[in-house]
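Chemist: sequence first, predicted coordinates after that:
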Amino acid sequence: MRVGEVDRKTKETSIQVKINLDGSGIVNADTKIPFFDHMLNAFGKHGGFDLDVVADGDLDVDFHHTIEDIGIVLGLAIEKALGDKRGIERFAYTAVPMDEAIAHAALDISGRPYLVMKGEFSEGGGLSFPSDLIEHFFYSLCTNAKITLHLTFEGRNDHHMCEALFKAFGIALKSAVRIDPKKGIPSTKGSI
């Protein structure tokens with residue numbers, strides 16, 4: 001089993017994440033941010049990952065530190081679970097519609113962190129926290145998982161667009177981490 005477990009404590013947050021890349025989509029998310037728990041559930045369920053996330057943060061200040069730090073710790077856990085990356089597919093792409101919304105995710109488990117995110121949430125919101133934190137979460141995750149991720153989305157309903165993003169990321173990551181026993185390290189360099 002490819003499992004990554006990371007605990008991180010700062011003056012602002014305490015985050016514990018455990019991910020099993022070869023799981024069955026069982027998710028236990030307790031971030032004290034119900035909508036974000038819903039997004040983590042969508043990611044894990046559709047990615048087929050077993051995921052445990054427990055977060056305590058300074059939500060009396062704002063949501064920023066908690067959501068950012070979950071991205072950091074989840075990224076570290078993914079990187080840890082991947083090990084030497086031997087045999088992984090490495091690249092993946094998916095599109096996920098949700099009613100009027102659609103999200104596309106393309107990723108490369110390259111060892112080179114990068115995020116490109118294109119799309120706009122509505123001015124009025126519809127999420128229980130500022131929508132710019134979605135991009136910040138993915139940036140923090142990519143930086144620490146050392147993956148390149150391109151996300152594009154469009155729609156009218158912020159909830160639908162956000163959920164489509166998390167589902168698309170989960171499905172793409174599931175494809176990219178899939179093991180092909182005929183492959184070695186998926187790089188012409190011999191390492192990732």
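Modeler: Great, that's in hand.

Chemist: let me see the ranges of the strands in the protein.
Modeler: Assigned by DSSP state E, the chain shows strands spanning 3-9, 13-20, 27-30, 50-57, 91-98, 101-108, 114-118, 148-154.

Chemist: to residue 82, which of those strands lies closest?
Modeler: Across the strands of the chain, the minimum distance to residue 82, taken as CB to CB, is reached by strand 3-9, at 7.6 Å. (Glycine included, C-beta is placed from N, CA and C.)

Chemist: residues of that closest one that come out buried?
Modeler: Across strand 3-9, burial judged by 16 or more other CB atoms under 10 Å covers 4, 6, 8.

Chemist: what distance separates it from the centre of its chain?
Modeler: Offset of strand 3-9 from its chain centre (CA atoms, centre = their mean, to the nearest Å): 15 Å.

Chemist: show me what that strand is packed against.
Modeler: For strand 3-9, the contact count by 3 or more CB pairs under 8 Å, 6 or more residues apart in numbering; DSSP states H and E identifies strand 13-20, helix 64-82 as packing neighbours.

Chemist: I'd like the ones you listed laid out as JSON lines, including mean pLDDT and mean neighbour count.
Modeler: Output for the helices and strands packed on strand 3-9, formatted as JSON lines (pLDDT from 0 to 100; neighbours: other CB atoms under 10 Å):
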{"stretch": "strand 13-20", "mean pLDDT": "99", "mean neighbour count": "21"}
{"stretch": "helix 64-82", "mean pLDDT": "99", "mean neighbour count": "23"}
